[in-house]
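Trainee: Sharing a model that was predicted from the sequence below.
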Amino acid sequence: MSDFLSHLPHLNVIHDLNYASVLRGVAVALLSIVLWNSFYNRRKVHPGSSLGQLPGPPVQGFVTGNVKQLHNLRGWEFHRHLAEEYGPAVQLKEPFGKKGLYTFDPIAMHQVLVKDGSLFQPPRLESGALLLGKGLLNTAGEHHRKQRKMLNPVFSIAHMRSMMPIFYDVVDQLKSALTHRVQSGPQEIDLLGWMARTALELIGQSGFGYSFDNMVDDVPKHKYSMVIKDLVPKLGRLGFARFYILPLAIKLLPTNVRTFIMNITPWKNLHDVRDMANYMHELSVEIYEEKKRALGEGEESVVKQIGQGKDLLSIMMRENMKADTQDKLPEEEIIAQMSTFTFAAMDTTSSAMSRILHLLALHPAVQDKLRQEIIEARKERQGENLSYDELVALPYLDAVCRETLRLYAPVATLMRKAREDTVLPLSRPVRGVDGKDVTEVFIPRGSRVWLSLLNANRSSELWGPDAMEWKPERWLSPLPESIMDSKIPGIYSHLMTFSGGTRSCIGFKFSQLEMKVVIAMLAENFKFSLPPGKEIYWQMSGIASPVIVGDDRHTKLPLIVELANSQ
Ligand code: HEM
């Protein structure tokens, strides 16, 4: 395995380099990119309207364009303004004046994610692979398709069913931890912290048969818990560099040169991210090796040494062993899926579960109704845990989850980059800057397209005039025809929350199950209310996260928790 490690680009260092030539190279590359951009923006002959014909907001500055507004932690208003002022297809500016498209038009999104999915790739691929290895999030084309083919069956309903006992074990630990803290009376508790611990333990146990957290200590002790908690905020602090400088450096500089530059750059945050990536990788290798040994020794050993062998990693390794030679994934890619799944699963699901708890605290009548539904279902089962089918069939629990994922999608925007010139059709014309209707937009190769999952889910044209209200009841009657006919390409409930097409969320069923098991237990056993004197604000980070107004240095969701049967 040490051989394998030495092939990872981020672990190599070189020492003797000519600084002046490196800097000259970077300057020439930057200048070429600016000139290339303006050449592309000025081309006149192409099908469809040009991006320049679409209306859009003024830029904040030539260097950053609209990017800072778009990724601002308080960017909700900006995104809402884009939808209300300009409609579903908007011209935005990247750094140095390059034009891009911001859209939530269903047909345009369908083309980007489904029909022309292979032409529109996330720009993160190379930098993401440095962070998490070549897992699903960071591969493309045939490589991605091959991984997806191997991994889709791992997330089947049959496997989700078999994971129920693992889920209930983790949730029992959460119940004991909270009961212990509130048994002598209501307490203010940071639920975001507990949801993050629960989500990590759920993916740890059901993902890899590995426990990160006994859920007993006040703070988790495993280094991985700390690392994964800090990773997203630290990545966020790389900001502009992450989306623009890093991909450029990867494209232009050989591995050893950029590793050298990274190591000598006096930026602690960058070094922290590098060390975190290395640590996550090392732990994944350790867990993988242990499991491989057990699998090699047969099923009995898997059960004895690493639980039931029903976790995603065991399933993945068994599927890979069975696969035909041309479909087999190399070890390195199986290992990369571990950090990939943890990264993709943890903050998204804990954000969604925390949002539900916050909303239940804001809407006590919904909270009571949900509690009642679960108490009655459990009574019918004489207090036994609900089976997979019983749990997913609870209509109000389902409505609360769906409505939260609709109005408050944890991931607000996806970014794509066009690999070829292409034309995107719109489902209805928008008024161009010259007053003429724009029905299709020419997207030059290299342009960015931002897909607004947020605005697609909140469109009053599709969801009706109450689209901005949180109303679980809307899911208890038939949805409006406008949404049923809209051809929204999302894989889940006409929503864009889990995206659509070949790169849609592979874990969406897993995450819904997690949410339902956790929220059902919490709503049945505890009551949640708002802490007096504290206002909670959800930041628009890559994955939405709550802070207390006036103290936005740390993400937190303080709620008053008490036993539900205390009165
Ligand atoms: C509420 C929870 C979740 C939300 C809102 C969510 C959302 C998303 C979105 C929007 C994407 C598309 C990203 C892109 O195209 O750039 C995605 C991809 C992905 N998600 Fe999730 N996710 C959630 C939970 C999970 C869980 C629990 C897992 C794993 C157990 C997971 C694994 C993945 C993976 C591996 C991908 C990449 C798929 C690919 O490129 O083929 N997600 N997710």
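Mentor: Right, received. Where do you want to start? Numbering: from 1, shown residues only.

Trainee: Surely F167 touches K516?
Mentor: No: at 9.3 Å, F167 does not count as touching K516 under the criterion of C-beta atoms under 8 Å. C-beta: built from backbone N, CA, C; applies to glycine.

Trainee: the strands in the protein, which residues?
Mentor: 89-93, 99-103, 120-121, 187-190, 413-418, 422-431, 437-443, 448-452, 526-529, 536-539, 545-548, 558-563 (DSSP state E).

Trainee: what's the closest of the ones you listed to the ligand?
Mentor: Nearest to the ligand among the strands of the chain is strand 413-418; the distance by C-beta to the nearest ligand atom comes to 4.8 Å.

Trainee: tell me how far that closest one is from the chain's mean position?
Mentor: 14 Å (C-alpha atoms, centre = their mean, to the nearest Å).

Trainee: That strand packs against which elements?
Mentor: Applying 3 or more C-beta pairs under 8 Å, 6 or more residues apart in numbering; DSSP states H and E, we find strand 413-418 packed against strand 120-121, strand 448-452, helix 453-457.

Trainee: Quick one: these as TSV, columns for mean pLDDT too.
Mentor: Formatted as TSV, the helices and strands packed on strand 413-418 follow (pLDDT from 0 to 100):
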stretch	mean pLDDT
strand 120-121	95
strand 448-452	97
helix 453-457	98
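
Trainee: Now the ones you listed in TSV, please, with extra columns for distance to L476.
Mentor: Formatted as TSV, the helices and strands packed on strand 413-418 follow (distance: least, C-beta to C-beta, whole Å):
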stretch	distance to L476
strand 120-121	36
strand 448-452	27
helix 453-457	18
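
Trainee: nearest to K556, of these?
Mentor: When these are compared by C-beta to C-beta, helix 453-457 sits nearest K556, at 22.6 Å.

Trainee: can you pull the pLDDT of the closest residue to G65 other than its chain neighbours?
Mentor: The shortest distance from G65 to any non-neighbouring residue, by C-beta to C-beta, 6 or more residues apart in numbering, is to K93 (3.4 Å). K93 is assigned a pLDDT of 95 by the prediction.

Trainee: residues near K93, how many?
Mentor: By other C-beta atoms under 10 Å, the residues close to K93 number 23.

Trainee: which ones are touching the residue nearest to Q53 when sequence neighbours are not counted?
Mentor: The shortest distance from Q53 to any non-neighbouring residue, by C-beta to C-beta, 6+ apart, is to G432 (4.2 Å). G432 makes contact with 49, 53-55, 438, according to C-beta atoms under 8 Å, 6 or more residues apart in numbering.

Trainee: any idea how far R124 is from G432?
Mentor: Separation of G432 from R124 (C-beta to C-beta, to the nearest Å) stands at 31 Å.

Trainee: likewise V171?
Mentor: Counting by C-beta to C-beta, the gap from V171 to R124 is 33 Å.

Trainee: out of those two, which sits in the busier spot?
Mentor: Comparing V171 with R124 by neighbour count (other C-beta under 10 Å), the higher total belongs to V171, at 22 against 18.

Trainee: count of residues packed around the residue in the stretch 451-567 of the chain that the ligand sits nearest to?
Mentor: Of all residues in the stretch 451-567 of the chain, G507 sits closest to the ligand, at 2.2 Å by C-beta to the nearest ligand atom. For G507, the count of nearby residues is 22 (other C-beta under 10 Å).

Trainee: and it, what does it touch?
Mentor: 155, 341, 344-345.

Trainee: contacting residues around P95?
Mentor: 63-65, 67, 240, 244.

Trainee: For the stretch 101-250 of the chain, what lies in contact range of the ligand?
Mentor: 122, 136-137, 148, 203 (C-beta under 6 Å from any ligand atom).

Trainee: again, only using 8 Å
Mentor: Residues of the stretch 101-250 of the chain found near the ligand, taking C-beta under 8 Å from any ligand atom as the criterion, are 113, 122, 124, 135-137, 139, 144, 147-148, 151, 155, 199, 203, 207.

Trainee: Rank the residues you listed by pLDDT and give me only the lowest.
Mentor: At the low end of pLDDT for these is R124, which has 78.

Trainee: what number of residues lie near the nearest residue to it once chain neighbours are set aside?
Mentor: Excluding its sequence neighbours, the residue lying closest to R124 (C-beta to C-beta, 6+ apart) is N138, at 6.9 Å. N138 has 21 neighbours, counted by other C-beta under 10 Å.

Trainee: What segments of the stretch 1-150 of the chain are helices?
Mentor: Taking DSSP state H, counting those that start in this stretch, the helices of the stretch 1-150 of the chain run over residues 2-7, 19-42, 67-70, 76-86, 106-110, 125-132, 141-151.

Trainee: I am finished for the moment; much appreciated.
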